[in-house]
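J.: here's a sequence, model it:
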Amino acid sequence: MSTKSESTKDRLKQLLLSIVNGDNQNRNSLTPLEKLAVKLTEYVGSIGFFLIIFAWTIVWLGWNTIGPVKFRFDEYPAFVLWLFLSNVIQIFLMPLIMVGQNLQGQYAEHRAQTSFELSVKAEKEIEAVLNHLEHQNSLILTILTEIRDRKGSE
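T.: Residues are numbered from 1 along each chain as shown. A predicted model of the protein is given here:
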């Protein structure tokens, strides 16, 4: 009986040892360029970046509308330079954001797979514990039966 119990315990220990940290594994598998894309996606997708772009737009439009005429570089109503720059920013950021989102999607899939594998291992552990409990129940019932038989024969 102890050998079966030991082998079950050893199998459970092996299952626990084979669990890997999906976060670390995913981070280590990214190339430097992919890491940069993820960081930029996180930054560009933040409210801080939005506020910087919004403030810069207000400053740009305000300066070129109400600033000293002599120092305006993109005068009203043209704002051609700002429109050009904002479109260039958008054109460059859209593919970058899509690349970052794809990488984050792959990371999410990897996390889901790791979570699934962990759940399967936990299910095997629970099954082993239940089997052990059933075995203990049968032993207890056997012992109780033997005790009743002895009391009945006395």
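J.: what ranges do the helices span in the chain?
T.: For the chain, the helices defined by DSSP state H cover 2-17, 22-29, 32-44, 47-66, 80-153.
J.: ranking those by mean neighbour count, which comes first?
T.: Greatest average neighbour count among those goes to helix 32-44 (a mean of 14), per mean count of other C-beta atoms under 10 Å. Just so you know, the C-beta spots here come from the backbone N, C-alpha and C atoms, and that holds for glycine as well.
J.: what does it rub up against?
T.: 27, 30, 49, 93, 96, 97, 99, 100, 101, 103, 104 (C-beta atoms under 8 Å, 6 or more residues apart in numbering).
J.: OK, contacts around the second one?
T.: When you say that, I think you mean residue 30. So residue 30 contacts 38, 103 (C-beta under 8 Å, 6+ apart).
J.: please renumber so the chain begins at 21
T.: That works, and once the first residue is 21, the last one we named lands at residue 50.
J.: could you report the pLDDT at it?
T.: Looking at residue 50, its pLDDT reads 81.
J.: how about the last one?
T.: Turning to residue 124, the model gives it a pLDDT of 82.
J.: circling back: quick one: the contacts of helix 52-64 as a markdown table, columns for distance to residue 131 too.
T.: Shown next, in a markdown table, are the contacts of helix 52-64 (distance: C-beta to C-beta, whole Å):
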| residue | distance to residue 131 |
| --- | --- |
| 47 | 12 |
| 50 | 14 |
| 69 | 25 |
| 113 | 26 |
| 116 | 23 |
| 117 | 21 |
| 119 | 19 |
| 120 | 16 |
| 121 | 15 |
| 123 | 13 |
| 124 | 10 |
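J.: farthest-separated two in those residues?
T.: Farthest apart among these by C-beta to C-beta are 47 and 113. That separation is 23.5 Å.
J.: hmm, back to that, any chance of CSV for the helices of the chain, columns distance to residue 93?
T.: Formatted as CSV, those follow (distance: least, C-beta to C-beta, whole Å):
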stretch, distance to residue 93
helix 22-37, 65
helix 42-49, 44
helix 52-64, 26
helix 67-86, 7
helix 100-173, 7
